[in-house]
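1. okay, structure incoming, though there's no sequence with it:
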């Protein structure tokens, strides 16, 4: 038989004795969560010039930061039960700020991993050296703040829910602010310095009782330190411009007495350009494109070409200078790359070249407004072609925009007869009846990487050194159609070209 409950049994439990000196607990979690997301997004950009940006890079960044947060949450919970106080929080925030400054040591950190380590391990180690400790320290904040904020067991759920919501809100704001505003406006090194300074500043305010006085003193110190850091070059990375998608680097070389501009996006060289000589080409594949174009112009002097990936605008500038009647469109996802081409790589302001700064899938998603005689795919995300530009669905959109007698040429990097090259060629065959391979001459130095061109058309063509794919990939699986077809639902391109990353 159940016993009747006395009214005293339903009374609220005793209040929990806590330190009530902590002001604005939700703001502290909001602030630190935002800082952590800023660092997480910046992390991939800071390491990009050294290890590139790929699925492996993002996986490493997210995994390392989550590991740091988890350890920090656990340690913060233990510390909260032992000695939760505003002073403890202040100490942790100052330490977190100092640890954040360590992320600026990317140059020496990138040289710490021994040669011969697997590339994925190298990325994880590099990201861990720079961002694991800040993630741990910042992760300890939320449990300590929660401990200090709870004053009554009857309202524990409300208090904890408010703090969790504040943390999520800070993460959201940090994410949008970093991607849409901070990186294009300030660059990664300045952002890291700013986050570290703010963490140390808030921590110092919590540590010192006369907060107005210390706020002024620390602000003066922060400005002085930032000026010194700027003078010594700590706030600048290797980039000429940090744009929305890439760390853009431009450097000069001399070739037979002539100036050559080298464009590097993250860690990959994308073009060699003679700013004052647009008809000079260096790359083997560019000279092949020039031969193809000359063959097309024999029957069509009003050539319409579309280039997926602008890079240094080397070949579009070649077409503009070589064929006055040509119409040249370029899809370049990063407006910073186009701006750099105008400023440093010889792209004139009055050029006939029309640039579309957007993703190629967005461009081709529109209703067809014109048909191109030549479409050239030359977009790379680090060493790999972006997967969504390799699928059957994308190829079908290419076919819709291509003239009946037009050519689609796709530049790709892989090992000779590699899995990705075979899958890309097989996928093209699902849309175009005639597909050819034009292999590059030889391999890149000290690597098994080859860069080849796939040519797709609705009609048979004869091009220099081009071989039908059935002859080039003359294995039973390819001929029988047992190779992977790349689709929007399944296109493991990064995994297919993973051997290139380790090389």
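-> Okay, I see it. What you are looking at is a predicted structure, and each value in this text was computed from that prediction instead of being measured.
2. switch to C-alpha atoms for all contacts and neighbour counts from now on
-> Will do.
3. against residue 134, how distant is residue 288?
-> 50 Å (C-alpha to C-alpha, to the nearest Å).
4. ok, those two, which is more surrounded?
-> Neighbour count, other C-alpha atoms under 10 Å: between residue 288 and residue 134, residue 134 has more, with 28 against 17.
5. what strand or helix carries the more buried one?
-> helix 119-139 (DSSP states H and E).
6. now the element after that helix, going C-ward?
-> Going down the chain from helix 119-139, the next helix or strand is helix 141-149, by DSSP H and E.
7. and the longest helix for the protein?
-> When the chain is parsed with DSSP state H, its longest helix is helix 55-83.
8. what about that helix, average pLDDT?
-> Helix 55-83 carries an average pLDDT of 94.
9. same question for stretch 199-207.
-> Mean pLDDT, computed over stretch 199-207, is 88.
10. pLDDT-wise, which helix or strand of the protein ranks last?
-> helix 211-231 (a mean of 62; mean pLDDT, DSSP states H and E).
11. on that earlier part again, what sits up against whichever helix or strand comes after the longest helix of the chain?
-> Helices and strands here follow DSSP H and E; after helix 55-83, the next one along the chain is helix 86-101. Helix 86-101 is contacted from outside by 21-22, 130-131, 133-134, 137-138, 140-141, 144-145, 192-193, 195-207, using C-alpha atoms under 8 Å, 6 or more residues apart in numbering.
12. can you select the buried ones from those in ChimeraX?
-> Buried subset of the contacts of helix 86-101, written as a ChimeraX selection, criterion 16 or more other C-alpha atoms under 10 Å:
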select :22,130,131,133,134,137,138,140,141,144,145,192,193,195,196,197,198,199,200,201,202,203,204,205,206,207
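13. then residue 413 would be within a strand, right?
-> Yes: per DSSP: H, G, I helix; E, B strand; the rest coil, residue 413 lies within a strand segment.
14. number of nearby residues for it?
-> By other C-alpha under 10 Å, neighbour count at residue 413 equals 19.
15. pretty sure it contacts residue 383?
-> Yes: at 6.8 Å, residue 413 counts as touching residue 383 under the criterion of C-alpha atoms under 8 Å.
16. hey, where'd the helices end up in the stretch 201-350 of the chain?
-> 211-231, 284-297, 314-322, 335-344 (DSSP state H, counting those that start in this stretch).
17. residue 255 pairs with what?
-> residue 258 (DSSP bridges).
18. what's the neighbour count on it?
-> 9.
19. for the one 5 residues further on, same thing?
-> When neighbours are counted by other C-alpha under 10 Å, residue 260 registers 21.
20. now the residue nearest the centre of the chain: which helix or strand?
-> For the chain, the residue sitting closest to the mean C-alpha position, by C-alpha atoms, centre = their mean, is residue 53 at 4.9 Å. Counting by DSSP H and E, there is no helix or strand that carries residue 53.
21. what residues of the one helix or strand residue 174 maps to count as buried?
-> Here residue 174 sits within helix 156-177, counting by DSSP H and E. For helix 156-177, a neighbour-count test (16+ other C-alpha under 10 Å) marks 159-160, 163-164, 166-175 as buried.
22. after that helix, next one along is what?
-> Sequence-wise, the next helix or strand downstream of helix 156-177 (DSSP H and E) is helix 183-186.
23. in which helix or strand would I find residue 189?
-> helix 188-207.
24. between that helix and helix 86-101, how many degrees?
-> 170 degrees (axes from the mean of the first three to the mean of the last three C-alpha atoms, to 10 degrees).
25. can you give me how far helix 188-207 is from the chain middle?
-> Chain-centre distance of helix 188-207: 25 Å, with C-alpha atoms, centre = their mean, to the nearest Å.
26. and that helix, what does it pack against?
-> Applying 3 or more C-alpha pairs under 8 Å, 6 or more residues apart in numbering; DSSP states H and E, we find helix 188-207 packed against helix 25-51, helix 86-101, helix 211-231.
27. now the angle between helix 119-139 and that helix, please.
-> Going by the same axes, to 10 degrees, helix 188-207 makes 30 degrees with helix 119-139.
28. circling back: give me the angle between the helix holding residue 134 and helix 25-51.
-> Using the same axes, to 10 degrees: helix 119-139 against helix 25-51 is 160 degrees.
29. how far does helix 119-139 sit from the chain's center?
-> Here helix 119-139 is found 17 Å from its chain centre; the criterion is C-alpha atoms, centre = their mean.
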